[in-house]
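[1] Test case, fold it:
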Amino acid sequence: MTTTTNLEPSPVNVRIKISALWVTVLLLFAFVDIFGLYRPDVRAAIEAGEIGGFAVDQVFLFSAVAYVVVPSLMVFLVLVLRPRVNRIVNIVLGVVYALTIVAAALGEWGYYLFASALEIGLLAAIVYYAWTWPKEPARGSTPGRTEVP
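    Just a heads-up that it's a prediction; the model follows:
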């Protein structure tokens with residue numbers, strides 16, 4: 001005799017889903033960059049003062065920080081922005097970041113391509129959840145009930 005326990009489904013708010021996806025994207029960014037430090041070619045380029053053909057200077061480092069600051073802020077902004085603005089910002093940033101990840105992955109090693117594919121998948125999920133953001137019922141209508149003319 002077996003007993004089954006039915007777990008109560010607990011819906012997760014779209015804001016929490018998108019915020020968690022941004023956190024996951026950021027973690028992948030960090031780990032891919034950290035793991036890259038194990039590559040001899042990356043270490044040699046850093047020693048020579050360049051990364052990916054760019055000189056490691058104040059402009060490069062400022063740009064790198066700015067690139068990571070945006071998704072870092074999105075973790076919080078998703079929770080507080082108005083739904084309409086939230087939806088647009090997440091769709092635009094999700095697409096823009098996916099394009100930059102594709103461009104950065106060209107010619108990279110397998111681990112980088114794998115992580116890039118995961119990042120693009122996560123960004124696609126962000127765009128999907130933002131695109132399908134639940135609509136509020138019209139004022140005066142009862143949720144789950146359709147009006148008959």
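
[2] Identify the residue nearest the geometric centre of the chain.
    Trp22 (3.7 Å; C-alpha atoms, centre = their mean).

[3] separation between it and Glu47?
    Counting by C-beta to C-beta, to the nearest Å, the gap from Trp22 to Glu47 is 33 Å. For every residue, glycine as well, the C-beta is placed using N, CA and C.

[4] before we move on, back to that, hang on, the residue nearest to the centre of the chain is in a helix, isn't it?
    Yes. Looking at Trp22 with DSSP: H, G, I helix; E, B strand; the rest coil, it is inside a helix.

[5] pretty sure it contacts Pro71?
    Yes. With contacts counted by C-beta atoms under 8 Å, Trp22 reaches Pro71, the gap being 5.2 Å.

[6] list the contacts for the residue nearest to the centre of the chain?
    Going by C-beta atoms under 8 Å, 6 or more residues apart in numbering, Trp22 touches Pro71, Met74, Val75, Val78, Ile126.
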